[in-house]
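# would you be able to build a 3D model of this:
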Amino acid sequence: MNGKIWGFITAAIGLTIITLLVIFGTEYGTWLDEIGPLLSLENAAAAPTIALPAAIGLLAIGQLVGGLAVGLIPSRQERVAAALAHPSEAGPE
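Alright, predicted model coming up:
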């Protein structure tokens, strides 16, 4: 049972990271659309790339999927206990 709890906590952390990335991207895009034309970017450094947020997003998706897999799939111990509790009927003899 302890592994399931950590699986769901891991999935929740992954979902939180994805949500924060979406909020950050929306706010950054809005700021750039509104303020960008007012800035003189001729001598400035290039705009940041999407590489780092994309890498963080991919890690968060992996964390979300892995956490859900751990939390939702029954463990071997649970499968064995269920099989012992409900033995299959014997075939015709």
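
# from here on, contacts and neighbour counts on C-alpha atoms
OK.

# what residues sit buried inside the longest helix seen in the chain?
Counting residues, the longest helix in the chain under DSSP state H turns out to be helix 2-35. Using 16 or more other C-alpha atoms under 10 Å as the burial criterion, the residues of helix 2-35 that qualify are 4, 7-15, 17-18, 21.

# who are the neighbours of it, in terms of helices and strands?
Counting contacts by 3 or more C-alpha pairs under 8 Å, 6 or more residues apart in numbering; DSSP states H and E, helix 2-35 packs against helix 51-72.

# from the chain's centroid, how far away is the helix or strand that the helix it packs on is followed by?
Next along the chain after helix 51-72, taking DSSP states H and E as the criterion, comes helix 76-85. In terms of C-alpha atoms, centre = their mean, to the nearest Å, the centre of helix 76-85 is set 29 Å apart from its chain centre.

# do the same with stretch 67-80
18 Å.

# other residues contacting stretch 61-73?
The contact list for stretch 61-73 (C-alpha atoms under 8 Å, 6 or more residues apart in numbering) reads 3-15, 18.

# how about these in TSV, adding pLDDT?
Shown next, in TSV, are the contacts of stretch 61-73 (pLDDT from 0 to 100):
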residue	pLDDT
G3	81
K4	85
I5	90
W6	89
G7	90
F8	92
I9	93
T10	93
A11	93
A12	94
I13	94
G14	93
L15	93
I18	91
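
# coming back round to it: the longest helix of the chain vs helix 51-72, what angle?
Here the directions of helix 2-35 and helix 51-72 differ by 150 degrees (axes from the mean of the first three to the mean of the last three C-alpha atoms, to 10 degrees).

# any idea which helix or strand in the protein has the lowest mean pLDDT?
Ranked by mean pLDDT, DSSP states H and E, the weakest helix or strand in the chain is helix 76-85, scoring a mean of 80.

# show me which residues of that helix are buried.
For helix 76-85, it's none, nothing buried (16+ other C-alpha under 10 Å).

# can you list contacts of it?
With contact meaning C-alpha under 8 Å, 6+ apart, helix 76-85 is reached by no other residue.

# next one: stretch 65-74 to chain centre, how far?
Stretch 65-74 sits 12 Å away from the centroid of its parent chain (C-alpha atoms, centre = their mean).
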